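> A predicted structure for the sequence below; I have some questions about it.
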Amino acid sequence: MPLKEKELAPDFTLPSTSGKKFTLSEDLANKPCILFFYPKDFTPTCTKEACEFRDTFAAFRNLDIEVIGISRDDIATHQRFKEQYNLPFQLLADTDGKVAGLYKALIPVVKVTRRVTYLLNKNHRVAAVFENMFTAEKHIATMVERVKVGALN
């Protein structure tokens with residue numbers, strides 16, 4: 001089960017495709033964001049999900065909502081994925097799965113990252129959550145809908 005709505009999102013620091021370490025509480029202080037956890041770069045559903053976020057990125061950006069992708073892939077793999085698909089957002093390398101574990105987005109025995117998307121408000125409380133391993137489109141549609149109905153207020 002993922003984190004619940006209104007729950008405070010755990011703070012974390014991870015390597016980023018920006019070339020710097022990303023820390024949630026510092027890099028997005030007082031800013032809402034979308035954190036989407038996904039299993040693996042270059043797999044069909046993960047690629048589709050990342051491209052869907054890319055294609056709706058302007059809508060989130062116009063509302064000053066950052067989009068961040070997180071998987072267990074390393075930075076080199078993330079960089080290739082980001083470049084090949086022209087992804088306009090940062091990807092974070094959670095190679096040991098620790099952050100996915102904090103966000104209850106890790107399948108325990110096999111240590112595979114679940115496909116879980118969180119919308120965090122400016123105080124980094126969970127405003128919306130969607131989990132589905134086998135579909136990409138509903139993650140983005142759910143976040144867009146939740147923003148439209150005022151989930152961040």
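Good, I have the coordinates. Residues are numbered from 1 along each chain as shown.

> ok, now how distant is residue 128 from residue 119?
Plainly put, residue 128 is 4 Å away from residue 119 if you go by Cβ to Cβ, to the nearest Å. (C-beta placed from N, C-alpha, C; glycine too.)

> more neighbours, these two?
A direct count of neighbours by other Cβ atoms under 10 Å for residue 128 and residue 119 places residue 119 higher, at 25 against 19.

> what residues does the host helix or strand of that one touch?
Applying DSSP states H and E as the criterion places residue 119 in strand 116-120. Applying Cβ atoms under 8 Å, 6 or more residues apart in numbering, the contact partners of strand 116-120 are 2-3, 9, 32-37, 65, 103-105, 126-131, 139-140, 142-143, 146-147, 151-152.

> from those residues, list just the buried residues.
If you count burial by 16 or more other Cβ atoms under 10 Å, the buried members of the contacts of strand 116-120 come out as 2-3, 9, 32-37, 65, 103-105, 126-131, 139-140, 142-143, 146-147, 151-152.

> from residue 43, how far out is the residue of the chain positioned farthest from its centre?
Taking Cα atoms, centre = their mean as the measure, the residue most remote from the mean C-alpha position of the chain is residue 109, 22.0 Å away. Between residue 109 and residue 43 the distance is 20 Å, computed by Cβ to Cβ.

> now this protein, which segments are flagged as low pLDDT?
133-137, 139, 149-151 (pLDDT under 70).

> at 80 instead, please
Low-confidence segments of the chain, defined by pLDDT under 80, are located at 1, 132-153.

> what about the helices in it?
Along the chain, the segments classed as helices by DSSP state H run 24-27, 44-62, 75-84, 98-102, 137-148.

> mind putting those in JSON lines, distance to residue 92 included?
What follows is the helices of the chain, written out as JSON lines (distance: least, Cβ to Cβ, whole Å):
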{"stretch": "helix 24-27", "distance to residue 92": "10"}
{"stretch": "helix 44-62", "distance to residue 92": "13"}
{"stretch": "helix 75-84", "distance to residue 92": "8"}
{"stretch": "helix 98-102", "distance to residue 92": "8"}
{"stretch": "helix 137-148", "distance to residue 92": "17"}
